[in-house]
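Asker: Give me a 3D structure for the following:
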Amino acid sequence: MLKARYPNIFVSGTSRNLAKEKQMKDVGYDEVIVDEKGQLKTNKKFTKILELIGPKTVKDSFKHTQEGGIVCSTGQLGNQWYLEDFDPIIDIAPNSYLTSFYSDNVDNLKINQMLEYIEKYHVDCKPEKVFDLKHTADAHRYLESKHSFGKVVVVEDN
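Answerer: Numbers count the residues shown, from 1 in each chain. Prediction:
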């Protein structure tokens, strides 16, 4: 979505599976950095990081944040729900910010703004796969496989 509005911005992405590098570049990432056991395999520092794994990797994200940067924790895919052994004075990069996004804080206005953005900038947000509710276990297996890429949606049976 960011590239739709700012086509010249440089966007890095991370993956535990470097075999997905071509797919990631095909959808707009400029570079792919390996995430090995919650640690980014790079010395680079970034101005902004969208943290999708959550508390499990947020400390490592700050190790890769430039002074004055922003880390936005918006996912909790690491099966850890709270920051443990976290000292904000030590662990947050100097003069930087930790922000968050929680979907319960979304209202109709924000949803409509997002839909207008998607329409205006022609953002492709089609899910990769759709499963029905009785195949939720298959959806989880697929997401954990080396073949998954992008969003998967589970819909309620009618």
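
Asker: Please make it C-alpha for all contacts and neighbour counts, starting now.
Answerer: Fine.

Asker: can you tell me the helix or strand for the residue nearest to Gly28 when sequence neighbours are not counted?
Answerer: Leaving out its chain neighbours, the residue that sits closest to Gly28 by C-alpha to C-alpha, 6 or more residues apart in numbering is Lys3, at 7.0 Å. Taking DSSP states H and E as the definition, Lys3 sits inside helix 2-5.

Asker: Against which helices or strands is that helix packed?
Answerer: Here helix 2-5 touches no other helix or strand, going by 3 or more C-alpha pairs under 8 Å, 6 or more residues apart in numbering; DSSP states H and E.

Asker: show me what contacts Lys56?
Answerer: By C-alpha atoms under 8 Å, 6 or more residues apart in numbering, the contact list for Lys56 reads Gly38, Gly78, Asn79, Gln80, Trp81, Leu83.

Asker: ok, back up a step: which of the residues in the helix holding Lys3 are buried?
Answerer: The neighbour-count check on helix 2-5 (16 or more other C-alpha atoms under 10 Å) flags Ala4 as buried.

Asker: do stretch 35-54 as well
Answerer: Using 16+ other C-alpha under 10 Å as the test for burial, stretch 35-54 gives Asp35, Gly38, Leu40, Phe46, Lys48, Ile49, Leu50, Glu51, Ile53, Gly54.

Asker: Would you confirm that the second one contacts Thr57?
Answerer: Which is Gly38. Yes: using C-alpha atoms under 8 Å, Gly38 makes contact with Thr57 at a distance of 5.6 Å.

Asker: what's the following helix or strand after the strand ranked longest in the chain?
Answerer: For the chain, the strand with the greatest residue count under DSSP state E is strand 65-73. Sequence-wise, the next helix or strand downstream of strand 65-73 (DSSP H and E) is helix 88-91.

Asker: Identify the residues contacting that following helix?
Answerer: Here helix 88-91 makes contact (C-alpha under 8 Å, 6+ apart) with Lys59, Phe62, Lys63.
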